[in-house]
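Novice: here is the input, now give the coordinates:
(one chain, ligands or ions: 1)
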Amino acid sequence: MSDSALDQPTYYGVTANRHVKTSAVSSLPERVDVCVVGAGFTGLSAALELSSQGRKVAVFDSGPIGWGATGRNGGQVCTGYSPGMEAFEKQLGVQDARICFDVAEQGKRLIEARIQNHDIDCDLTWGFLHAAARPSHMAGLAEHMEELEQYGVQGCTILSRDELSKKLDSKVFHGALREQDSGHIHSLNYALGLADAVIGQGGLIFENTAVESVQGGSKPALKLASGRTIACSQVIVACNAYLGSLVPGLNHRVMPVASYVVATETLGEERARSLIRDNEAVCDSNYVVDYFRTTADHRLLFGGRCSYSGIHPRDLGANMRPRVLRIFPQLSDVKMEYAWGGHIGITYNRLPNMGRSDSSIYFVHGFSGQGVVLAGVLGKVLADAIVGDTERFDVFARIRHLPFPGGFLRRPGLTLGMLYYRVKDLLS
Ligand SMILES: Cc1cc2nc3c(=O)[nH]c(=O)nc-3n(C[C@H](O)[C@H](O)[C@H](O)COP(=O)(O)OP(=O)(O)OC[C@H]3O[C@@H](n4cnc5c(N)ncnc54)[C@H](O)[C@@H]3O)c2cc1C
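Specialist: Numbers count the residues shown, from 1 in each chain. Below you'll find the model as predicted:
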């Protein structure tokens with residue numbers, strides 16, 4: 001789903017620190033064990049796990065590695081799931097909800113382990129502030145902290161407005177929940193590191209190689225847009241918001257929502273630290289969130305806004321500027337050097353949608369804005385299921401998902417739904 005309004009140069013692209021030697025389609029094998037569609041966190045993570053277990057994998061992406069949300073996100077490494085744990089508890093019961101939470105926590109440890117094992121230079125930094133956009137949101141943050149602690153998360157503290165003002169030089173917030181064990185990362189450099197590791201373990205990655213159709217059943221295979229085919233034993237569909245109609249029936253479960261990010265010119269270390277003293281990631285407490293952090297080269301990287309309608313602002317940098325200046329008016333002299341967008345994959349209930357669409361096609365998508373951790377670890381859960389450990393896969397696959405309306409009602413329905421939350425943000 002290329003979209004020129006969103007597909008502008010990104011901070012991540014220009015600061016990418018390695019070139020990965022991928023394969024040419026002319027060397028396409030006739031058969032591998034597992035074909036993976038999508039070279040984002042989900043697909044690369046699954047491929048890395050499978051190749052470490054001796055499976056021959058081939059990963060295909062219609063763009064370069066990380067071309068989707070993986071190479072264009074806010075880089076926030078978050079805890080848990082966007083709707084909180086109640087939705088899991090209602091559907092699965094407390095015990096299985098805990099399994100799902102633990103999987104998300106393991107996702108952070110997986111990132112650390114992979115960075116270490118594969119020597120990936122990607123600026124991982126811990127510390128996260130959930131900043132209260134309204135005084136009334138402090139109660140919600142305290143409840144959120146209680147839930148995190150019930151699920152075993154340590155190192156959370158509530159900061160008063162005064163305490164927060166010493167860490168964050170903005171007057172618009174009313175206090176915060178600080179988490180020690182969330183943070184931020186250079187997403188694309190992490191993804192490129194995973195890709196290199198896949199290739200190092202004998203996996204194949206084909207960039208700029210679109211998959212036209214997926215065949216499941218007893219003779220799984222991919223047909224590439226070039227007309228060539230490759231056979232395999234299983235297929236992993238890791239396309240998230242970019243899925244389109246590749247697998248009939250699946251796209252009703254995940255809806256692409258555009259979100260936008262800007263990165264300022266470099267501010268210098270002193271000025272960057274004057275904004276966010278301890279280099280934490282920050283996210284506000286609204287339903288439609290603004291999120292920001294500084295980068296290793298001392299820019300402010302700021303994300304926010306959503307478009308549910310498929311219509312994008314014409315000049316993204318100018319459009320995002322007032323949002324940045326509302327929080328940091330002291331940056332009025334600063335240029336927005338990069339501005340881009342991408343598609344977040346959301347599900348109706350904001351829980352990830354994992355399963356098999358037939359005996360040999362596995363999928364997971366719909367991380368609903370929190371895929372930096374979840375896509376990686378749930379890609380591993382898919383890989384585990386393929387090699388025979390289905391315990392965690394089976395728990396996630398039990399979650400029921402309502403389809404989004406199809407046809408001409410699809411976008412207006414979602415736009416109306418989100419308008420409700422915008423109004424809620426304004427009134428709360
Ligand atoms: C602007 C933005 C900001 C975000 N910020 C955050 C954040 O701060 N923290 C967080 O946790 N999450 C964030 N997210 C979400 C997070 O980035 C995603 O959940 C995660 O990257 C999803 O990874 P993925 O591998 O499943 O999908 P993607 O990275 O989107 O990869 C899917 C890939 O599939 C490929 N593809 C699709 N169809 C085909 C086909 N037919 N043939 C071949 N290839 C195909 C696409 O080219 C794409 O590269 C953000 C997302 C966006 C868009």
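
Novice: how near is the residue lying closest to Glu269 once chain neighbours are set aside to the ligand?
Specialist: Residue nearest to Glu269 in three dimensions, not counting chain neighbours: His298, with 5.2 Å by CB to CB, 6 or more residues apart in numbering. Bear in mind the C-beta positions are built from the backbone N, C-alpha and C, glycine included. Distance, His298 to the ligand, by CB to the nearest ligand atom, to the nearest Å: 19 Å.

Novice: buried residues, stretch 394-408. List them.
Specialist: Val395, Phe396, Ala397, Ile399, His401, Phe404 (16 or more other CB atoms under 10 Å).

Novice: quick one: Thr347 and Ser245, what's the gap?
Specialist: Per CB to CB, to the nearest Å, Thr347 is found 17 Å from Ser245.

Novice: between the two, which one's more packed in?
Specialist: Thr347 (22 against 9; other CB atoms under 10 Å).

Novice: which ones are touching the more buried one?
Specialist: Residues near Thr347 by CB atoms under 8 Å, 6 or more residues apart in numbering: Arg253, Val254, Met255, Asn353, His365, Gly366, Ser368, His401.

Novice: which of the residues you listed fall in strands?
Specialist: Those of the contacts of Thr347 mapping onto strands are Met255, Asn353, His365, per DSSP state E.

Novice: and the last one, how far from Ala24?
Specialist: I take that to be His365. Counting by CB to CB - His365 and Ala24 are separated by 28 Å.

Novice: which of these two has more neighbours?
Specialist: Higher neighbour count among His365 and Ala24: His365, with 27 against 9, using other CB under 10 Å.

Novice: surely that one is in contact with Arg253?
Specialist: Yes - judged on CB atoms under 8 Å, His365 makes contact with Arg253 at a distance of 7.5 Å.

Novice: who touches both of these two?
Specialist: With contacts defined as CB under 8 Å, 6+ apart, the residues adjacent to both His365 and Arg253 are Thr347, Asn353.

Novice: sorry, back to before: so which of the contacts of Thr347 comes closest to Asp61?
Specialist: Relative to Asp61, the closest of those is His365; by CB to CB it sits at 14.9 Å.

Novice: just list whatever residues bridge to the closest one.
Specialist: Beta-bridge partners for His365, by DSSP bridges, are Asn353.

Novice: check contacts around it.
Specialist: By CB under 8 Å, 6+ apart, His365 lies in contact with 42, 237-241, 243, 250, 253-254, 345, 347, 352-353.

Novice: recalculate using a threshold of 6 Å.
Specialist: Taking CB atoms under 6 Å, 6 or more residues apart in numbering as the contact definition, His365 lies against Asn240, Val254, Gly345, Asn353.

Novice: for Phe88, see how far away it is.
Specialist: Relative to Phe88, His365 is positioned 17 Å away (CB to CB).

Novice: kindly report the same for Pro313.
Specialist: Taking CB to CB, one finds Pro313 at 35 Å from Phe88.

Novice: out of the two, which sits in the more crowded spot?
Specialist: Neighbours of Pro313 and Phe88, each counted by other CB under 10 Å, are more numerous for Phe88; the result is 24 against 16.

Novice: and the more buried one, helix, strand or coil?
Specialist: Taken by DSSP: H, G, I helix; E, B strand; the rest coil, the conformation at Phe88 corresponds to helix.

Novice: rewinding a little: so which of the buried residues of stretch 394-408 comes closest to Arg228?
Specialist: The closest of the buried residues of stretch 394-408, once distances to Arg228 are taken by CB to CB, is Ala397, at 31.6 Å.
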